[in-house]
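Pasting the sequence and the predicted coordinates here, then a few questions.
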Amino acid sequence: MALSYKERRRLSLVVLLVVMPLYIIIAAAIMSRAGYWFIDLGWFGKVLQFCIYVILGVAWIFPFKSVFMGVGQADPDAEEEQ
């Protein structure tokens, strides 16, 4: 099922305004609880925690990659004005 351009634009707004803040809250809550485990590891714990933050910061886009593809471009279905 392919989404039309307008549906992808609407869905991308929902993802950015609703899903992304919820993801940030959940990821920050998980990492704040897990932060206690990294204290005992010293400098390695800080490096490991940084790597997890980077992975969480990038991982959210992969399920929504098809939604965001081409959203910033002109509508391909619109009639061209002459």
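Structure received.

which other residues reach stretch 50-63?
Taking contacts as C-beta atoms under 8 Å, 6 or more residues apart in numbering, the residues outside stretch 50-63 that touch it are 20, 23, 27, 31, 34, 68. In this view, the C-beta of every residue, glycine as well, is placed from N, C-alpha and C.

cutoff 10 Å now
For stretch 50-63, contacts defined as C-beta atoms under 10 Å, 6 or more residues apart in numbering pick out 15, 19-20, 23-24, 26-28, 30-31, 34, 38, 67-68.

quick one: which of those is nearest to residue 2?
residue 67 (11.6 Å; C-beta to C-beta).

residues in contact with that closest one?
Taking C-beta under 10 Å, 6+ apart, we find residue 67 in contact with 3, 7-12, 14-16, 61.

re the thing from before, which of the contacts of stretch 50-63 fall in strands?
Per DSSP state E, strands hold no members of the contacts of stretch 50-63.

so which helix or strand takes in residue 53?
Using DSSP states H and E, the element containing residue 53 is helix 43-59.

buried set for that helix?
49, 56 (16 or more other C-beta atoms under 10 Å).

Do you know the pLDDT at the most centrally placed residue in the chain?
Computing the C-alpha centroid of the chain and ranking residues by C-alpha atoms, centre = their mean puts residue 60 first, at 3.4 Å. We note a pLDDT of 86 for residue 60 in this prediction.

just residue 6 next, same as before
At residue 6, pLDDT is 84.

tally of neighbours for it?
11 (other C-beta atoms under 10 Å).

Disregarding flanking residues, what is the spatial nearest neighbour of it?
Spatial nearest neighbour of residue 6, excluding adjacent residues (C-beta to C-beta, 6 or more residues apart in numbering): residue 75 at 7.6 Å.

how near is that neighbour to residue 5?
5 Å (C-beta to C-beta, to the nearest Å).

of these two, who's got more company?
When neighbours are counted by other C-beta under 10 Å, residue 75 and residue 5 differ, and residue 5 comes out ahead with 15 against 11.
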